[in-house]
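**Q** Sequence plus predicted model, see below.
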Amino acid sequence: MSQKLIIDTKAFEAQYPDKPFYVKHNLCNHPLFKIERLLELLKVLPEHKVDYYTGKVGVNEDKKKAPPTGLTAEETISQIKSAQSWLVLKNVERDPEYRQLVEDCLNEVAPLAQPISPGVKQYEGWIFLTSPGSLTPYHLDPEHNFLLQIRGKKQCYVFDANDRDLLSEEEIENFYARFGVVGKLEFNERYQDKAYSYMMEPGNGVFVPVNAPHWLQVQDDISISFSITYYSKDVYRRTRLFRFNSQLRKMGITPSPYGQSPTRDAIKDAFIAPIQNTKKLFGFGPKKNQQY
């Protein structure tokens, strides 16, 4: 089996899991990313695993509230060069061929990640197709994410998840409190000076840390990106604690921020972990019999 990812181990050890960094890959000519094959994949994915919106939005807009494009998902993929759209195929690992690719890639990551963030599990794959010039607004994601560029160029701006001037404690708590119906983050132009900037070209990609806000701008060709994600024990733990802090805040109690006091975090987690099933509470978590 040929190597899928090319990861600088020194960069990984120095930056992971809190800072973004470049990676390389050998997937640009993989047949699973041909438009014809993506149209086949579309047919086997449930409707709720396909999202598509106009790509003509601003950094601080909610793309879900933008006017519809008038195209179907199939038309969007087929006409992606002129559709002025953004489309994502979610959980592509439902298809056996894509699942194998996701596993092949992340099995290369796991030996590096496991000593730093134990409990690597729940491999998932997402494929993004975006029209030239389209923008993905400012947002964050709750998992470890390697975003790989397959076709086209895309400017990626990633921000520090731990900078509370950019992302307040209340914002991140609310993100987890309403997981599954995620509202947009508020972007201020002054934030931009703090961005890590990456030009994503075919053959490279970026590691986007958990909870790191980011936004992306496609250049003058269509963009195809492959996002491979996974969770770890720490991700589940911080999810429990952020949500618990949100509940305390609603009760009029100002909680100690996550990470400020390891002792308080440990006490909280010892209380809530036994009574909170991650999958039921947050709408995500390890699927039955899916351990990596």
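**A** Everything's here; your move.

**Q** Which parts of the stretch 51-200 of the chain are helices?
**A** Per DSSP state H, counting those that start in this stretch, the stretch 51-200 of the chain carries helices over the ranges 73-78, 96-113, 169-177.

**Q** Could you name the stretch from these that's closest to residue 125?
**A** The closest approach between residue 125 and any of the helices of the stretch 51-200 of the chain, judged by C-beta to C-beta, belongs to helix 96-113 at 4.0 Å. The C-beta positions use only the backbone N, C-alpha and C, and glycine is treated the same way.

**Q** which parts of the closest one are buried?
**A** Residues of helix 96-113 classed as buried under the neighbour-count rule (16 or more other C-beta atoms under 10 Å) are 98, 99, 101, 102, 103, 104, 105, 106, 108, 109, 112, 113.

**Q** Can I get the helices of the stretch 51-200 of the chain in JSON lines including distance to residue 2?
**A** Supplementary listing: the helices of the stretch 51-200 of the chain in JSON lines, determined by distance: least, C-beta to C-beta, whole Å:
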{"stretch": "helix 73-78", "distance to residue 2": "27"}
{"stretch": "helix 96-113", "distance to residue 2": "9"}
{"stretch": "helix 169-177", "distance to residue 2": "38"}
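
**Q** Nearest to residue 18 among those would be which one?
**A** Among the helices of the stretch 51-200 of the chain, helix 96-113 sits nearest to residue 18 (C-beta to C-beta), with 12.7 Å.

**Q** From the rest of the structure, what touches that closest one?
**A** Here helix 96-113 makes contact (C-beta atoms under 8 Å, 6 or more residues apart in numbering) with 1, 3-5, 7, 9, 12-13, 16-17, 25, 27, 30, 32, 41, 92-93, 120, 123-125, 144, 146, 228, 230, 232, 292.

**Q** Pull out the buried members of these.
**A** Neighbour counting with 16+ other C-beta under 10 Å marks 4-5, 7, 12, 16-17, 25, 27, 32, 41, 92-93, 120, 123-125, 144, 146, 228, 230, 232 as buried within these.

**Q** what residues are up against residue 94?
**A** Contact analysis of residue 94 by C-beta under 8 Å, 6+ apart lists 44, 45, 49.

**Q** just to revisit the earlier point, and the helices of the stretch 51-200 of the chain, which one is worst for confidence?
**A** Among the helices of the stretch 51-200 of the chain, helix 169-177 carries the lowest mean pLDDT, at a mean of 89.

**Q** Give me the residues contacting that one.
**A** The list of residues contacting helix 169-177 from outside it, by C-beta under 8 Å, 6+ apart, reads 140, 142, 182-183, 185-186, 211, 239, 242-243, 245-247, 249, 257-258, 282.
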